[in-house]
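Peer 1: Take this sequence and fold it.
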Amino acid sequence: MAFREFVINEYKYVDKYKAVYGNLPKTSVPTKQASINTASAKLRALQAFFNELEENDEILKSPFRRLTKKRRNEALREQYDDPFFLRYDEVQQIMTADVPDSLKETKDAFLLQCALGCRIGDYLKLSMSNIAITDDGIPYVQYLPKKTMKTQNDRREKKTPLMLFALEIVKRSGFKFGVLKYASGKSGYNAKIKKLLEHCKIDRLVNQYDEATGTMLRVPLHTVGSSKLCRKTHIDISNKAQVNMYATGLHEVGSSAVEHYSMLEIRDLFTLLCAAFNQPQYRVDKQLNILLDEKNKEDDGSTATV
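Peer 2: Residues are numbered from 1 along each chain as shown. Next up is the predicted model:
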């Protein structure tokens with residue numbers, strides 16, 4: 001329990017033990033109070049470590065077993081605030097915003113991450129080699145999610161179709177964003193996302209729990225913007241456009257049979273995303289040149305590029 005308290009308030013020890021923290025990378029030095037979710041994650045890892053020692057008879061009893069059930073549940077509990085994300089109209093607001101040169105790269109990186117919905121760790125590793133094209137000309141990004149690939153039985157790749165605006169950003173940038181070099185810090189990606197959202201007047205009030213005071217605050221959305229907001233936005237907008245797979249009434253919510261009998265293919269995902277983000281459907285050739293739709297192709301038989 002003392003270790004849990006340390007994890008939450010480790011930032012208080014930085015100035016006192018400068019010799020310990022002075023040689024660490026800045027991203028590894030805590031600068032504010034950690035959430036109870038962070039402490040819970042570290043304690044769960046520690047619990048697994050002690051459980052293995054106990055199972056191998058290297059220790060008599062895990063220290064976690066010395067806690068009462070109530071205290072153990074309290075130590076390992078997680079709490080989540082009300083979810084906040086960008087609404088469709090707010091994404092459009094950012095797309096159409098005229099931003100200064102200092103924020104143009106951030107705008108591209110942010111919008112592309114919203115289109116892909118990937119975690120920052122996976123986003124950093126993407127390159128043009130992660131792009132593939134279906135036989136009928138739909139471009140998509142494929143990668144193994146870093147966070148879950150060790151726990152998945154089949155190590156299934158994540159495949160996300162590229163909407164038109166996302167393809168344009170990919171072709172313009174080649175996934176090379178200097179702003180992603182540092183995620184945290186005063187001039188890092190997350191800080192610049194906040195500046196981008198503030199510039200675009202994304203100031204809708206959202207709830208945020210204050211760990212220090214134990215109160216719920218109402219803060220402008222741009223003040224809590226980060227790379228996590230991209231994933232939340234992608235999931236929320238897509239979810240609101242998706243037909244509930246349980247609507248037929250054949251299975252209960254959470255039934256594994258639904259996933260067993262059905263899977264969204266690339267074409268289905270592409271249609272879903274284009275509908276969700278109000279983007280036109282299109283096709284490309286092997287060089288990622290955009291082909292005109294069937295009606296226009298009949299008119300002049302030509303192709304177009306971005």
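Peer 1: And the helices in the protein, which stretches?
Peer 2: 2-8, 18-21, 36-55, 69-76, 88-96, 101-116, 120-123, 164-173, 189-199, 227-241, 256-261, 266-276, 294-300 (DSSP state H).
Peer 1: Quick check: which of these is nearest to residue 207?
Peer 2: Taking CB to CB, helix 227-241 is the member of the helices of the chain nearest to residue 207, at 13.8 Å. (Each C-beta comes from the backbone N, C-alpha and C, glycine too.)
Peer 1: Without its sequence neighbours, what residue ends up closest to residue 133?
Peer 2: Using CB to CB, 6 or more residues apart in numbering and skipping the chain neighbours, the partner closest in space to residue 133 is residue 139 (5.1 Å).
Peer 1: List the contacts of the spatially closest residue to residue 44 that is not a sequence neighbour.
Peer 2: Excluding the flanking residues, the one nearest residue 44 by CB to CB, 6+ apart is residue 76, at 6.1 Å. Residue 76 is in contact with 40, 43, 44, 47, counting by CB atoms under 8 Å, 6 or more residues apart in numbering.
Peer 1: Distance to residue 271 and neighbour count added to those residues, as CSV?
Peer 2: Output for the contacts of residue 76, formatted as CSV (distance: CB to CB, whole Å; neighbours: other CB atoms under 10 Å):
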residue, distance to residue 271, neighbour count
40, 39, 18
43, 43, 19
44, 39, 14
47, 44, 17
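Peer 1: follow-up on the earlier one: could you dump the helices of the chain into JSON lines with mean pLDDT and distance to residue 27 added?
Peer 2: JSON lines is the format used below for the helices of the chain (pLDDT from 0 to 100; distance: least, CB to CB, whole Å):
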{"stretch": "helix 2-8", "mean pLDDT": "90", "distance to residue 27": "17"}
{"stretch": "helix 18-21", "mean pLDDT": "88", "distance to residue 27": "12"}
{"stretch": "helix 36-55", "mean pLDDT": "89", "distance to residue 27": "14"}
{"stretch": "helix 69-76", "mean pLDDT": "82", "distance to residue 27": "26"}
{"stretch": "helix 88-96", "mean pLDDT": "96", "distance to residue 27": "26"}
{"stretch": "helix 101-116", "mean pLDDT": "96", "distance to residue 27": "18"}
{"stretch": "helix 120-123", "mean pLDDT": "92", "distance to residue 27": "12"}
{"stretch": "helix 164-173", "mean pLDDT": "96", "distance to residue 27": "24"}
{"stretch": "helix 189-199", "mean pLDDT": "96", "distance to residue 27": "11"}
{"stretch": "helix 227-241", "mean pLDDT": "88", "distance to residue 27": "13"}
{"stretch": "helix 256-261", "mean pLDDT": "49", "distance to residue 27": "37"}
{"stretch": "helix 266-276", "mean pLDDT": "90", "distance to residue 27": "32"}
{"stretch": "helix 294-300", "mean pLDDT": "46", "distance to residue 27": "49"}
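Peer 1: Which one, of these, ends up nearest to residue 208?
Peer 2: So among the helices of the chain, helix 227-241 is nearest, using CB to CB, at 12.4 Å.
Peer 1: The residue nearest to residue 133 and residue 128 touch, don't they?
Peer 2: No: applying CB atoms under 8 Å, one finds residue 139 not in contact with residue 128, separated by 10.9 Å.
Peer 1: neighbours of residue 181, just the number please.
Peer 2: 10 (other CB atoms under 10 Å).
Peer 1: Pipe the helices of the chain into CSV and attach distance to residue 218 per row.
Peer 2: CSV is the format used below for these (distance: least, CB to CB, whole Å):
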stretch, distance to residue 218
helix 2-8, 24
helix 18-21, 34
helix 36-55, 21
helix 69-76, 28
helix 88-96, 17
helix 101-116, 24
helix 120-123, 27
helix 164-173, 31
helix 189-199, 16
helix 227-241, 17
helix 256-261, 38
helix 266-276, 28
helix 294-300, 49
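Peer 1: what's the closest of these to residue 210?
Peer 2: Nearest of those (CB to CB): helix 36-55, 12.7 Å.
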